[in-house]
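>>> I would like the atomic coordinates for the input below:
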Amino acid sequence: MEINGKLVDPATGAVIGDYSDPPTPGTRTLSPEDAAQAGMENYKLMRKRGLRPMPIFHAGENVKWLQMMLDMGADYIGLAGLSLRSASDRNKWYDMIWAHTVDASGKPLVKIHGFGEG
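Here you go, the predicted structure:
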């Protein structure tokens, strides 16, 4: 869990990460694929520790990451699509997501939260 910009292990109270430090100049930014992989590793670690976090599927990530979230039994999946500037692009992205998150009769397979959507 996050407390004051630090990732804290709820079982031990130990700080296991710190988000408060700004990025070091000259460090590379992760590609969408590398970021998705890192996010999935974090998600698996939190699940292993008994937590039920909400994974986030970002625009630009391969749909395999969304499918992994579904296969792992996520209760909710967050959607981050604001990098898609046009309504047309966002609508196409959401159409692709719905194709994976509802069954043949249109019943949702998971709860969805769209970040930054009105």
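
>>> now do the helices in this protein.
Taking DSSP state H as the criterion, the chain contains helices spanning 32-48, 63-71, 87-101.

>>> export the ones you listed to CSV and tack on mean pLDDT, distance to residue 109 and mean neighbour count?
To be clear about C-beta, it is placed using only N, CA and C from the backbone, and glycine gets the same treatment. Listed next are the helices of the chain as CSV, based on pLDDT from 0 to 100; distance: least, Cβ to Cβ, whole Å; neighbours: other Cβ atoms under 10 Å:
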stretch, mean pLDDT, distance to residue 109, mean neighbour count
helix 32-48, 90, 17, 14
helix 63-71, 96, 6, 16
helix 87-101, 93, 5, 14
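
>>> would you turn these into JSON lines with distance to residue 111?
JSON lines is the format used below for the helices of the chain (distance: least, Cβ to Cβ, whole Å):
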{"stretch": "helix 32-48", "distance to residue 111": "16"}
{"stretch": "helix 63-71", "distance to residue 111": "12"}
{"stretch": "helix 87-101", "distance to residue 111": "9"}
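
>>> and of those, who's closest to residue 77?
Each of the helices of the chain was scored for nearness to residue 77 using Cβ to Cβ, and the closest is helix 63-71 (5.3 Å).

>>> return the distance of that closest one from the chain's centre.
The gap between where helix 63-71 is centred and where its chain is centred comes out at 10 Å by Cα atoms, centre = their mean, to the nearest Å.
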